[in-house]
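1. Sequence and predicted structure are below.
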Amino acid sequence: SQQGEEDPQALSIQEGENATMNCSYKTSINNLQWYRQNSGRGLVHLILIRSNEREKHSGRLRVTLDTSKKSSSLLITASRAADTASYFCATAPYTGGGNKLTFGTGTQLKVEL
Amino acid sequence: DARVTQTPRHKVTEMGQEVTMRCQPILGHNTVFWYRQTMMQGLELLAYFRNRAPLDDSGMPKDRFSAEMPDATLATLKIQPSEPRDSAVYFCASGAGVREKLFFGSGTQLSVL
């Protein structure tokens, strides 16, 4: 079963707007990661946030983590058409679970000109 | 740039035929994962290895799928016999640890007729 569930499933915005995607998970985690997948391509790692961190930035990306609510959000500021892709969160369990990453169902982001 | 290499990129075969997919992980990475992606099921973990040893292959149909790492530079995923329901994109990913960020290959798009 999926550990992470992204919300919304699909998001359409205009270029220049901000895009926010959310991820909820069920069990304690060691870290949470966000990936991007362009159509027909493999996933690309964007950012990793550890369980003892609350916020992390990378360029136009901002990730927050709330372990008490078991949720994370990915904010893309000043979106561009090139940001059109699917975005996945993946969780690494704190212990057990085979210590393996489990991916969510993804958010499809479309950025229109 | 180091990258995960998957071959073939596309494979069309007939039901009952054997399919072999290959993956060359990034040099120095000690974990290798095989994922399957479909519209209906999303990303499913099939199997993964650490230091060439299989850690978890519970996601694979054992009667027809097999995954091996004959050496540190090659991982293989075989389907025998293949069935139409196996049609999907198969991704290989490698990482420096089971909880660390993953580098994905471009995938093998498999169509079983």
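-> Yep, that arrived.

2. residues touching the nearest residue to B:Leu45 once chain neighbours are set aside, list them.
-> Nearest non-adjacent residue to B:Leu45, counting by CB to CB, 6 or more residues apart in numbering or on different chains: B:Gly59, 4.8 Å away. From N, CA and C alone the C-beta is placed, and that goes for glycine too. Contact partners of B:Gly59, counting by CB atoms under 8 Å, 6 or more residues apart in numbering or on different chains, are B:44-47.

3. JSON lines for those, including pLDDT?
-> JSON lines is the format used below for those (pLDDT from 0 to 100):
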{"residue": "B:Glu44", "pLDDT": "90"}
{"residue": "B:Leu45", "pLDDT": "91"}
{"residue": "B:Leu46", "pLDDT": "94"}
{"residue": "B:Ala47", "pLDDT": "93"}
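
4. pLDDT below threshold where in chain A?
-> Applying pLDDT under 70 to chain A flags residues A:1-3, A:95-99.

5. Can you name the residues of it that neighbour chain B?
-> Residues of chain A found near chain B (CB under 8 Å from any CB of the partner chain) are A:2, A:30-31, A:33, A:35, A:41-45, A:48, A:88, A:90, A:92-93, A:98-106.

6. beta partners for the most centrally placed residue in chain B?
-> Closest to where the C-alpha atoms of chain B average out (CA atoms, centre = their mean) is B:Trp34, at 3.4 Å. Counting by DSSP bridges, B:Trp34 is bridged to B:Ala47, B:Cys92.

7. For chain A, see how far away it is.
-> Per CB to the nearest CB, to the nearest Å, B:Trp34 is found 12 Å from chain A.

8. Surely that residue and B:Ala47 touch.
-> Yes: contact criterion CB atoms under 8 Å: B:Trp34 and B:Ala47 qualify, at 4.9 Å.

9. Now do the shared contacts for those two.
-> Here B:Trp34 and B:Ala47 share the contacting residues B:67, B:77, scored by CB under 8 Å, 6+ apart.

10. before we move on, back to that, filter the residues of chain A next to chain B to the buried ones?
-> Neighbour counting with 16 or more other CB atoms under 10 Å in any protein chain shown marks A:2, A:30-31, A:33, A:35, A:42-43, A:45, A:48, A:88, A:90, A:92-93, A:99-106 as buried within these.

11. Mind checking which of these are in strands?
-> Taking DSSP state E, the ones among these that sit in strands are A:30-31, A:33, A:35, A:43, A:45, A:48, A:88, A:90, A:92-93, A:102-103.

12. among the contacts of B:Gly59, who's most crowded?
-> B:Ala47 (22 neighbours; other CB atoms under 10 Å in any protein chain shown).

13. Spit out the contact partners of that residue.
-> Neighbours of B:Ala47 in contact, by CB under 8 Å, 6+ apart: B:33-34, B:54, B:56-57, B:59-60, B:65, B:67, B:77.

14. In a markdown table: those residues, plus secondary structure and pLDDT.
-> Formatted as a markdown table, the contacts of B:Ala47 follow (DSSP: H, G, I helix; E, B strand; the rest coil; pLDDT from 0 to 100):
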| residue | secondary structure | pLDDT |
| --- | --- | --- |
| B:Phe33 | strand | 94 |
| B:Trp34 | strand | 96 |
| B:Pro54 | strand | 90 |
| B:Asp56 | strand | 83 |
| B:Asp57 | coil | 85 |
| B:Gly59 | coil | 86 |
| B:Met60 | coil | 90 |
| B:Phe65 | strand | 96 |
| B:Ala67 | strand | 96 |
| B:Leu77 | strand | 97 |
